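Chemist: One predicted model, sequence on top.
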Amino acid sequence: RAAAGPQYLNGLNPEQRDAVVTLDGPVLVLAGAGTGKTRVLTTRIAHILSQGRARPHEILSVTFTNKAAREMKLRLGQMLGQAVEGMPWLGTFHSIGGRILRIHAELVQLKSNFTVLDVDDQVRLLKQLLQAENIDDKRWPARMLAGLIDGWKNRGLTPGQVPAGEAAMFGNGKGGKLYASYQERLKILNAADFGDLLLENIRLFRENPDVLRQYQNRFKFILVDEYQDTNVAQYLWLRLLSQAPSRPGAPLSAIIPGATEPSVIPGRTDSPVIPGHAEGVNLESRAGEDSLRDSGSALSAHPGMTASAAAAPAAPLKNICCVGDDDQSIYGWRGAEVDNILRFEHDFPGAKVIRLERNYRSTGHILAAASHLIAHNEGRLGKTLRTEDVDGEKVTVTGSWDSEEEARAIGEEIEELQRAGENLNEVAILVRASFQMREFEDRFVTLGLPYRVIGGPRFYERAEIRDALAYLRTINSPADDLAFERIINVPKRGLGDATVQMLHDHARKRRIPLFEAARAVVETDELKPKARGSLRELVAQFDRWRAHREVTSHTELAEIVLDESGYTEMWQKDRSADAAGRLDNLKELVRSMEEFENLQGFLEHISLVMDRDGGAEDEAASLMTLHSAKGLEFDNVFLPGWEEGLFPSQRTLDEQGRAGLEEERRLAHVGLTRARRRAKLYFATNRRIHGTWSTTIPSRFLDELPAANVEITESKGGSGWGGSSGYGPSRFDNVESFGSSYSTPGWQRAQANRNRGQGGRGQARGGFEESQSPFSGSRSDTSGSRSD
Ligand code: ATP
Ligand code: MG
């Protein structure tokens, strides 16, 4: 039946269409991967506009990444077939929060041209504050404080609202005070950090009801993608905006239930805040969040609200449409609360909940594998997903001897796809940890295979890698001023800007490299004794390292340098969330040097890699972490590193409870569901993690895949099965028997053949009931299959 109505509605299924055209009141689309949630959102915007229900600037649409926002704009333009006059407010929480904040900066003690600090700036500033408070930053690292503050901001807590117990945890009870003085310093510097873009926006709304009202009036429609990954601050911000505008002049309590008028926290005169404890608004604890929600959802019943609600006949909560999937919640570690999506109906009374069940993205085998995997999680709503697509190719699992072979195998398979006419833009390699990227980048450079890294710097562009390289470059070439300057005071050696400036002057006057200037200056008394001593030591160290170079291998030299310079130690002492990842990257760097004959050769390779400017090619394979792949799709998806300890990560294996592991499984599910036509999984039997080689066990997630949809293939990377890994049933067998299956590669072949024979077409359509895992077979099963 030809669909009536506007063109953009054609092809939508009835549920999708329902979600698009239900414009009034709250709507939640709770549905699995690839069911068209994002497409529904985009179409909904088109519908709102073409129906004349709102002008572009009256629509607020929140996406998870800027890339997604750009994509949505593009699609929208295509759908409407004409340039839309003006654009909806389309972006991430932070970009939109920042945009609003700039308009009203004065109200939160900033100027509209305020700077947004990055993490490094933030840490530098916190260090100064620690010093001023005489807090030992070895015991209480600034990065740890940065992490705490970030966590508080994610939970929507201003300094006055941090629970006393938590605030006392840092710096001998000074955590809360430091947070407050940090916020004050930011104002003096006319700066905001990332978290402020939202938190200060919330404060702006809370303290200025008229401003809030202005935005409540403006945004007639609110749309949110990936709602399962919103944190408390984002939730609060949305709630404020999603309420119907109150009467002008209505008391603040009409907008924020339980709030009294602004008052001033004792001891702070610069920023009036709403104390969070009157009646309902109590942000002091997890329980407090709930009480806020409860009071929020009881909003329509609030005395302050009834009058305005009565004035406006419509529901007090306006047209908000959130879409998400509880099975794709992967940011719990960053404060996201999957609870937000599970409580939507409670928070937005009268909400219409729409479920979509048809997956339009993946072929049968891929969808069945992903659905079967995620069914192993306990904490989930559970949902049906079906596809009308062909079964397509089975999900492949390939074992390699080590990570290098894995990279080689993937490189070859990509080249093969390319020869078969596939577009590289439809190829993605999704890794669990960023250190895994290095091997692929090197491989792709060697092959001349265009690639881009999405959602983060390329391996050799990471700060810690650049620092380490700067040491090596300075050793290799004493005239490399840029390199020397980069690390002269990293880690801190008391050689600040003034010293560097002085060295520059000296170098310029004498026309010598910075390093030689340093050598000369330490012989004079131009520097204060402390700086001079420190610089002399550094020069001596470099001389020593250069002498070492003659007698030790370049990898050993790198280890010595990172160790003796205090650089590794700097990160070891650092307790921020990303420190461990940086240490892994450093180890990966040293490991990558093994592939070169000497330091010179290695550095030449680096300059080649760095020279390729990323993203310039029209057609390139995408390399990214699983986390940044959310919402994206590709014809061909490569998923390397499915091993216990890497994926799921060791951290979640060490943890008590299942929460971390279940989040890892959701991440695996996100990875698989990115694929349209081919999903290829890999594991290596040997991998170097945290600098040491270990024999690994295939990921339990491989065990959890349904046999009927999986095919075990041979590595194209080199040794293949014969000399390669054993693919043992990790979940059911102990390591020893895993080892023995290692010595009987015939097993896997037999197993692979058996799986091939199993066809299992019926199971592909979302059928993930009882299919047997190819890897859950017992040992007797194994020998049985060998005989066929
Ligand atoms: P994810 O949970 O991974 O973010 P999603 O639910 O947002 O997935 P979309 O990205 O919107 O899913 O859609 C997945 C793919 O299916 C897209 O290529 C989209 O264009 C296509 N698609 C969605 N709905 C339809 C439809 N009714 N007809 C044809 N294709 C569709
Ligand atoms: Mg989506």
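Modeler: Everything's here; your move. Ligands and ions are numbered 1, 2, ... in the order given.
Chemist: how about the helices in the stretch 151-300 of the chain?
Modeler: 164-167, 175-188, 196-207, 209-218, 232-242, 286-297 (DSSP state H, counting those that start in this stretch).
Chemist: among these, which is the most enclosed?
Modeler: When you average the neighbours per residue for each of those (mean count of other CB atoms under 10 Å), helix 196-207 leads with a mean of 24. (C-beta placed from N, C-alpha, C; glycine too.)
Chemist: Distance to residue 676 and mean pLDDT for the helices of the stretch 151-300 of the chain - can I get that in TSV?
Modeler: Converted to TSV, the helices of the stretch 151-300 of the chain look like this (distance: least, CB to CB, whole Å; pLDDT from 0 to 100):
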stretch	distance to residue 676	mean pLDDT
helix 164-167	45	90
helix 175-188	45	92
helix 196-207	34	95
helix 209-218	38	95
helix 232-242	30	93
helix 286-297	38	33
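Chemist: roughly how far is the helix or strand where residue 44 lies from the heart of the chain?
Modeler: Taking DSSP states H and E as the criterion, the element that holds residue 44 is helix 37-50. Between the centre of helix 37-50 and the centre of its chain there are 26 Å (CA atoms, centre = their mean, to the nearest Å).
Chemist: Now do that helix, average pLDDT.
Modeler: Averaging pLDDT along helix 37-50 gives 95.
Chemist: got the CA positions of the helix or strand just after that helix in CSV?
Modeler: Under the assignment DSSP H and E, the closest C-terminal helix or strand after helix 37-50 is strand 59-62. C-alpha atoms of strand 59-62 as CSV (Å, rounded to 0.1, in the frame of the first residue of the first chain):
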residue,chain,number,x,y,z
ILE,A,59,14.0,22.5,18.2
LEU,A,60,16.6,21.2,20.6
SER,A,61,18.2,17.9,19.5
VAL,A,62,21.0,16.3,21.6
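Chemist: what lines up beside strand 59-62 in the sheet?
Modeler: For strand 59-62, the paired strands and their directions (DSSP bridges) are strand 89-91 (parallel), strand 221-224 (parallel).
Chemist: In CSV, list the helices of the stretch 151-300 of the chain along with distance to ligand 2.
Modeler: Shown next, in CSV, are the helices of the stretch 151-300 of the chain (distance: least, CB to the ion, whole Å):
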stretch, distance to ligand 2
helix 164-167, 35
helix 175-188, 34
helix 196-207, 22
helix 209-218, 26
helix 232-242, 17
helix 286-297, 25
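Chemist: Any chance of a markdown table for those helices, columns distance to ligand 1?
Modeler: Output for the helices of the stretch 151-300 of the chain, formatted as a markdown table (distance: least, CB to the nearest ligand atom, whole Å):
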| stretch | distance to ligand 1 |
| --- | --- |
| helix 164-167 | 34 |
| helix 175-188 | 35 |
| helix 196-207 | 22 |
| helix 209-218 | 27 |
| helix 232-242 | 17 |
| helix 286-297 | 25 |
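Chemist: Include distance to residue 705 when you put these into CSV, please.
Modeler: Output for those, formatted as CSV (distance: least, CB to CB, whole Å):
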stretch, distance to residue 705
helix 164-167, 41
helix 175-188, 45
helix 196-207, 39
helix 209-218, 47
helix 232-242, 34
helix 286-297, 36
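Chemist: hang on, residue 99 packs against residue 91?
Modeler: Yes. Under the criterion of CB atoms under 8 Å, residue 99 makes contact with residue 91 at 7.5 Å.
Chemist: higher neighbour count, those two?
Modeler: Taking neighbours as other CB atoms under 10 Å, residue 99 and residue 91 compare with residue 91 leading, 22 against 13.
Chemist: What about the nearest residue to that one once chain neighbours are set aside, how many residues nearby?
Modeler: If the residues on either side of it in the chain are set aside, residue 91 comes closest to residue 69, at 4.8 Å by CB to CB, 6 or more residues apart in numbering. When neighbours are counted by other CB under 10 Å, residue 69 registers 21.
Chemist: what's the distance between residue 69 and residue 63?
Modeler: 5 Å (CB to CB, to the nearest Å).
Chemist: so what's in contact with those two at the same time?
Modeler: 90-92 (CB atoms under 8 Å, 6 or more residues apart in numbering).
Chemist: The residue nearest to residue 591 when sequence neighbours are not counted in helix, strand or coil?
Modeler: Leaving aside its chain neighbours, residue 591 sits nearest to residue 688 (5.8 Å; criterion: CB to CB, 6+ apart). In three-state terms, and counting by DSSP: H, G, I helix; E, B strand; the rest coil, residue 688 is strand.
Chemist: Can you read off the pLDDT for residue 688?
Modeler: Model confidence at residue 688, given as pLDDT, is 80.
Chemist: How many residues are close by the residue in the stretch 201-350 of the chain that ligand 1 sits nearest to?
Modeler: Closest contact between the stretch 201-350 of the chain and ligand 1, by CB to the nearest ligand atom, is at residue 325 (5.1 Å). Residues within reach of residue 325, counting by other CB under 10 Å, total 30.
Chemist: That one: what's it in contact with?
Modeler: Counted by CB under 8 Å, 6+ apart, residue 325 has contacts 30-33, 37, 228.
Chemist: switch to 7 Å and redo it
Modeler: Contacts for residue 325 (CB atoms under 7 Å, 6 or more residues apart in numbering) come out as 31-33, 228.
Chemist: Which of these ranks first by neighbour count?
Modeler: Highest neighbour count within these: residue 32, with 27 neighbours (other CB under 10 Å).
Chemist: SS state for it?
Modeler: Once three-state DSSP is applied, residue 32 turns out coil.
Chemist: Please verify my assumption that it contacts residue 384.
Modeler: No. Residue 32 lies out of contact with residue 384 (CB atoms under 7 Å); the separation is 8.3 Å.
Chemist: Just grab the bridge partners of the residue nearest to residue 591 for me.
Modeler: Beta bridges link residue 688 to residue 693 when assigned by DSSP bridges.
Chemist: ok, it - how many residues close by?
Modeler: Neighbour count for residue 688, taken as other CB under 10 Å: 19.
Chemist: What residues does the residue nearest the centre of the chain make contact with?
Modeler: Nearest to the mean C-alpha position of the chain, counting by CA atoms, centre = their mean, stands residue 627 at 4.6 Å. By CB under 7 Å, 6+ apart, residue 627 lies in contact with residue 330.
Chemist: what's around the closest residue to ligand 1 within the stretch 1-150 of the chain, how many residues?
Modeler: Nearest residue of the stretch 1-150 of the chain to ligand 1 (CB to the nearest ligand atom) works out as residue 36 at 3.0 Å. Residue 36 has 24 neighbours, counted by other CB under 10 Å.
Chemist: same thing with residue 554?
Modeler: The burial count for residue 554: 23, using other CB under 10 Å.
Chemist: Distance check, the closest residue in space to it that isn't next to it in sequence against residue 560.
Modeler: Among residues not flanking residue 554 along the chain, residue 599 sits closest, at 4.1 Å (CB to CB, 6+ apart). Distance check for residue 599 against residue 560: by CB to CB, it reads 12 Å.
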